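Peer 1: pasting the sequence and the predicted model now:
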Amino acid sequence: MTLTSRHIHAYLLLLPAFIFLVGFTHYPAIGTLIDSLMSTPRAGRAAVFVGLENYQVMSEDPNFWKALRNNFWFALATIPISIALSIAMALWVNDKIAGRQFLRLSFFLPTVLPMIAVANIWIFFYTPGYGLINQVLGVFGFASQNFLGDPQLALGAVTVVAIWKEAGFFMIFYLAALQTLSPSYQEAAQIEGAGRWYFFRRIQWPLLMPTTIFVLVNALINAFRMVDHIIVMTKGGPDNATSLLLFYLYEVGFSFWDRGYASALTAVLLLILAVVGLLQFFMLDRRTHYR
Amino acid sequence: MNKLLSRAALVAAGLCLSATALSKTEVSFYFPIAVGGPITKIIDQYATDFNKAHPGYNVTPVYSGTYQETIVKALTAHKAGKPPTAAILLSTDTFTLADEGAITPIDKFVKTDDDRAWMKSFFPAFLLNGQFDNKTWGIPFQRSTVVLYWNKELFKEAGLDPNTPPKNWAETISMGQKLTKKDANGNVTQWGIQVPSSGFPYWLFQGFSTQNDAILANAAGNQVKYDDPKVVEALQYWIDLSKKYGIHPPGVVQWGTTPRDFMERKAAMIWTTTGNLTNIRSNAKFDFGVAMLPEGKRRGSPTGGGNFFIFSKASAAEQEGAYKFAKWLTQPERAAQWSIDTGYVAVSPAAYETPALKKYAAEFPPALVARDQLPFAVAELSTHDNQRVTKALNDGLQAALTGSKTPAQAMKDAQAEADRLLRKYK
């Protein structure tokens, strides 16, 4: 086989995947960038080139900044907490304890449920007065809180739902990773008299690093991708207290029908994800030990 | 290979043949579901019956999710060049749909005296949201309004007449104070009144503002009056119910849990849509009443719900079919049955004269309250760039209700934002 025919062969094999990648990822992304420089077409008025006007509008749009700030706090809370929780749960159900299967199932259950259903259940958990959480608070003598109706609490309330939904999913990855670790490490550590915490910190955690990278990337994407529960629970309210970037984008695109501005918001979202993704790969990848 | 081709040709020919043989006009019809009940079954039955009665047409109903999902699907399809022939969409989206060039005025199909009589048969309040530029863009189909539900048992416990709901703003306060209960720690266990404010607070607020004799938007949909002193006063009243009188839950109250709060006796009186009537009727374990909203300077409530729209890019024959379907759907007997099945307000006075609805109303008088309130009803807030202009008000209302802005400041900010958005429609 000559070199050329080998190349052609290779490209032919790549072609199907390539077509889908271009058709559904690259083409829309570039299309969005172009749209973000155009005005929104309305009946009788075609889109015209407006340069950076949409970005100008964005920089002056308080709702955008609010959504960005909210998203920052949302990501900052969901990512570390859900990862920490998922590791703790994975370590727990990895041990040989009674009812292990049941525990695994119950931790994983939130992931299986559709977000819309989950959000509808949580609305009632958060209900002032007779909601589950307020009933528990009431037992300890605390006053009933209006979690979703108070701007101080609403973002925290939707963050908790996201963590609850995410942690079980990540647990599965950690559990799978833990089960591939050779039991001889554990035995060696026991012989050397290493404590449980020391064993986790010096052996399990470094060995889990590839999984952590994977989970971290996913958690980050999800922090910008989860909006279903916002739509169901608060619609971004009260007064934009729970508006996240993607929710705002959806609102601009499909409630306000402002395509140009929505495209500009998409471009910003893409940029944020690209930058954070690259940073993660370059900085963390170097410190990760792959076997 | 040749064999395959000829077979394909045969099949294609067969398809053409059958298409000409039937030569039916296809009418696709998107509809959303916003209330409980077997709606898809009812609509499918309507389509089957209509097709039987009109052999030239084939109406295909497509269940398309919520109102929001339906408009997203319909408008996206319109932009791609293949919209449905007709759809049920929020009446407040009329301006948006017309601005996108997506819908066609109904007037051009109104030709005979019978057509004109039909157009006049609707409650005028329901036509308001579908009309501008001297044209009618939408036919009322599933319409609602805000009413007061009160718990008769809790009224009796509080020493009030269980059959007399508050008539005006002052009575709401005095009765609400009697109906609010606290436990030993001072925590409220039962609220006097509850008006939800999540999601679309503007709709409920329009009750207060109309009662205070303020109209939020002009009919042309390019001017709002959010900062009208009467609007600010109405907002102050809503806030005072909680801040000053302590008879209304503080902060933003969830729309979705409000009927539940009522059924759990956590709220003695609530404001919500007539669309919840069937739900509350089948789930409340106590005797309850339904009344018109209390009176301020005048009575008032917004209308709400969905209109029937015909899309501009459908062919003339398809549009004609959709028009016939709309007319057929809103005939008194059908409108009456639709109202009984769903809890929506029937769209014409004639529907309330049908034996079916008369019998239903005799068994269940609250079904008539919404109709009786209609003479006092105003158009639901709707403008050009509707959802954005409305959001300005929603944000302002929630900011004021949660105490992060004063009512005057919140309404001033909302007005400034709305003015900026509406500038280009003047």
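Peer 2: Received the coordinates, thanks.
Peer 1: break chain B into its domains for me.
Peer 2: Using automatic domain parsing, the domains assigned to chain B come out as B:25-144+B:304-369, B:145-301+B:380-425.
Peer 1: output the ones you listed in CSV; the columns should cover distance to A:R104.
Peer 2: For glycine as for every other residue, the C-beta is placed from the backbone atoms N, C-alpha and C. Shown next, in CSV, are those (distance: least, Cβ to Cβ, whole Å):
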stretch, distance to A:R104
domain B:25-144+B:304-369, 34
domain B:145-301+B:380-425, 32
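Peer 1: of these, which approaches A:T234 most closely?
Peer 2: The closest of those to A:T234 is domain B:145-301+B:380-425. By Cβ to Cβ, the value is 6.6 Å.
Peer 1: just how off-centre is that closest one within its chain?
Peer 2: Remark: domain B:145-301+B:380-425 is offset 16 Å from the chain centroid, using Cα atoms, centre = their mean, to the nearest Å.
Peer 1: quick one: is that domain near chain A?
Peer 2: Yes: against chain A, domain B:145-301+B:380-425 shows contacts by Cβ under 8 Å from any Cβ of the partner chain at B:185, B:187-189, B:197-200, B:249-254, B:256-257, B:260-261, B:264, B:266, B:385, B:387-388, B:391, B:394-396, B:398-399, B:401-402, B:404.
Peer 1: returning to that earlier point: so which of the domains of chain B is nearest A:V93?
Peer 2: domain B:145-301+B:380-425 (34.2 Å).
Peer 1: let me see the mean pLDDT of the closest one.
Peer 2: Taken as a whole, domain B:145-301+B:380-425 has a mean pLDDT of 93.
Peer 1: thinking again about what came up before, so which of the residues of domain B:145-301+B:380-425 next to chain A are in helices?
Peer 2: B:R260, B:D261, B:Q387, B:R388, B:K391, B:N394, B:D395, B:G396, B:Q398, B:A399, B:L401 (DSSP state H).
Peer 1: check contacts around the fifth one.
Peer 2: If you count contacts by Cβ atoms under 8 Å, 6 or more residues apart in numbering or on different chains, B:K391 has them with A:E251, A:S255.
Peer 1: how about the third one?
Peer 2: With Cβ under 8 Å, 6+ apart as the criterion, the residues that contact B:Q387 are A:E251, A:S255, A:F256, B:D93, B:T96.
Peer 1: show the buried residues in the residues of domain B:145-301+B:380-425 next to chain A.
Peer 2: Among the residues of domain B:145-301+B:380-425 next to chain A, those scoring as buried are B:188, B:197-200, B:249-254, B:256-257, B:260-261, B:266, B:385, B:387-388, B:391, B:394-396, B:398-399, B:401-402 (criterion: 16 or more other Cβ atoms under 10 Å in any protein chain shown).
Peer 1: quick check: the residue nearest to B:R116 when sequence neighbours are not counted vs A:Y126, distance?
Peer 2: Distance criterion Cβ to Cβ, 6 or more residues apart in numbering or on different chains; nearest residue to B:R116, sequence neighbours excluded, is B:V110 at 5.9 Å. Computed as Cβ to Cβ, to the nearest Å, the B:V110 to A:Y126 distance reads 50 Å.
Peer 1: of these two, who's got more company?
Peer 2: A count of neighbours by other Cβ atoms under 10 Å in any protein chain shown puts A:Y126 above the other of B:V110 and A:Y126, at 26 against 17.
Peer 1: report the contact partners of the closest residue to that one other than its chain neighbours.
Peer 2: Spatial nearest neighbour of A:Y126, excluding adjacent residues (Cβ to Cβ, 6+ apart): A:F147 at 4.1 Å. Shown in contact with A:F147 (Cβ under 8 Å, 6+ apart): A:Y126, A:P128, A:I133, A:L153, A:A154, A:G156, A:A157.
Peer 1: how much space separates the third one from A:F142?
Peer 2: With distances defined as Cβ to Cβ, the gap from A:I133 to A:F142 amounts to 10 Å.
Peer 1: the two: who's more crowded?
Peer 2: Counted by other Cβ under 10 Å, A:I133 and A:F142 do not tie: A:I133 has more neighbours, with 18 against 12.
Peer 1: give the buried residues for the helix or strand hosting the more buried one.
Peer 2: Under the criterion of DSSP states H and E, A:I133 resides in helix A:132-139. By neighbour count on 16+ other Cβ under 10 Å, the buried set for helix A:132-139 is A:I133, A:N134, A:G138.
Peer 1: okay, the residue nearest to B:T274 when sequence neighbours are not counted: pLDDT?
Peer 2: Using Cβ to Cβ, 6+ apart and skipping residues adjacent in sequence, the residue nearest B:T274 is B:A370, 4.3 Å away. B:A370 is assigned a predicted lDDT (pLDDT) of 90.
Peer 1: likewise for the one 3 residues further on?
Peer 2: The confidence metric pLDDT takes the value 93 at B:Q373.
Peer 1: let's verify it: helix, strand, or coil?
Peer 2: Following DSSP: H, G, I helix; E, B strand; the rest coil, B:Q373 is assigned to helix.
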